[in-house]
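Novice: Generate a structure from the sequence data that follows.
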Amino acid sequence: MPCLTRTLLATTTAILLGGTALQAQAETRVTYKSASAGTAYYQMGVELAEAIRQGTEGDVVVTLEESQGSVQNVMEVMARQGNYVFTTPPGLVESALEGSGPFAERQSPRFEEIRGLFPIPAITMHFVLAGDQGVVDIEALEGKEILIGQGTFGAREAQRYLELFDLIDRVEVANANIGSGPDALKNGQIDAFVTASSFPTPNVIETAASMPISLVSLSDEQIELTGAARQTIPAGTYAGIDEDVSTTSLPVIAYTTTGMDDDTAYTLTRTFWERRDAMAEETAWWGSITHDMIGNIAGTLHPGAVRYYDEAGIEIPDELR
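Specialist: Got it, this is the predicted structure:
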């Protein structure tokens, strides 16, 4: 009898261990390359990872990685294998495919493996100044020390705007990482910083909560001159900003590569759209995502994503297939 008991225990233990092993094998792991900590895009990564976990009942586990910017995210395609998801403006994917811009000196055939999944909230340019003026013209930057960061899309775009509006020789550009912007502004080490992220962005919320700030609002003519899309930050989005702010934005897409299998790409895409409304209830920026934004994707969609869009009856441009 004791022998039978030991046998039953051993059998039960084996079944339990076997079940655990099968569960571990069934779990799909995905790396999500986001942005620097403290930015809106990093927070989006946290929210998206949780939405995927809930939507797949834990079958897909998303590991969030901090990044120094979209260029780095695309560059890492050269070395990454398997389930690598990253976010970037579609223009950088076009540059990678063409071997131009930041990719002119670092071209790789692996860039041809990039495939789109779904859109995420657009990058919105924020020019943040110390002071309680509220909404100001870009000329308010004259004579100021401004932190624009290094190596990111926001830094390049800020540099372009300063040159475009003849401010580059009338401001002092601080040599520091963009992540230090809020603290440097609060400590009086700089007069302004630029951040490019979807609104409301955490680092601007944090800054506005602890000191008076102003935001640059561009005129219609200035926005047209930039060639970027117009974006309105509604009044009241940030403490002390009681008027609408007119600025610019750039679409952002979640991409992967052909290293991801079709089923995983399908599951990620389906879960994203099915959880979009629930995410928007928690954080307003997800409510800005529409099916029309799929057309902003550069390159082509992953076949798994195409399968979801076809099943859901969502129209996609032929060139994305």
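
Novice: Now the phi/psi pair for the nearest residue to Ser180 once chain neighbours are set aside, please.
Specialist: Distance criterion CB to CB, 6 or more residues apart in numbering; nearest residue to Ser180, sequence neighbours excluded, is Leu147 at 7.2 Å. Backbone N, C-alpha and C define where each C-beta goes, glycine included. Here is the backbone geometry of Leu147 (degrees, to the nearest 10): phi -100, psi 120.

Novice: OK, contacts around Leu147?
Specialist: 173-174, 176, 178, 180-181, 184-185, 190, 192-194 (CB atoms under 8 Å, 6 or more residues apart in numbering).

Novice: Next: Ala122.
Specialist: 198, 229, 231, 249-252, 288.

Novice: With Glu315 instead?
Specialist: Contact partners of Glu315, counting by CB under 8 Å, 6+ apart, are 291, 309.

Novice: In a strand, it, correct?
Specialist: No - the assignment for Glu315, made by DSSP: H, G, I helix; E, B strand; the rest coil, is coil rather than a strand.

Novice: Would you agree Gly240 falls within a strand?
Specialist: No - counting by three-state DSSP, Gly240 is not part of a strand but coil.

Novice: isn't it right up against Ile213?
Specialist: Yes - using CB atoms under 8 Å, Gly240 is in contact with Ile213, at 6.1 Å.

Novice: what about those two, which has more around it?
Specialist: Ile213 (26 against 17; other CB atoms under 10 Å).

Novice: Can you flag the buried ones in the contacts of Ala122?
Specialist: 198, 231, 249-252, 288 (16 or more other CB atoms under 10 Å).

Novice: Val60: which of those residues is nearest?
Specialist: Among the buried ones among the contacts of Ala122, Val252 lies closest to Val60 (CB to CB), at 21.2 Å.

Novice: In which helix or strand does the closest one reside?
Specialist: Assigning secondary structure by DSSP states H and E places Val252 in strand 245-257.

Novice: The residue nearest to Ser180 bridge partners, please.
Specialist: Assessed by DSSP bridges, Leu147 has beta-bridge partners Ala174, Phe193.

Novice: now stretch 59-69: how far from the chain's centre is it?
Specialist: 11 Å (CA atoms, centre = their mean, to the nearest Å).

Novice: out of the contacts of Leu147, who's nearest Thr264?
Specialist: Ile178 (32.4 Å).

Novice: and that closest one, what pLDDT?
Specialist: pLDDT recorded at Ile178 is 65.

Novice: Point out where the protein drops to low pLDDT.
Specialist: 1-26, 178 (pLDDT under 70).

Novice: if I pick the most centrally placed residue in it, what's in contact with it?
Specialist: By CA atoms, centre = their mean, the chain has its centre lying nearest to Tyr41, at 4.1 Å. Counting by CB under 8 Å, 6+ apart, Tyr41 touches 34-35, 87, 120, 197-198, 252.
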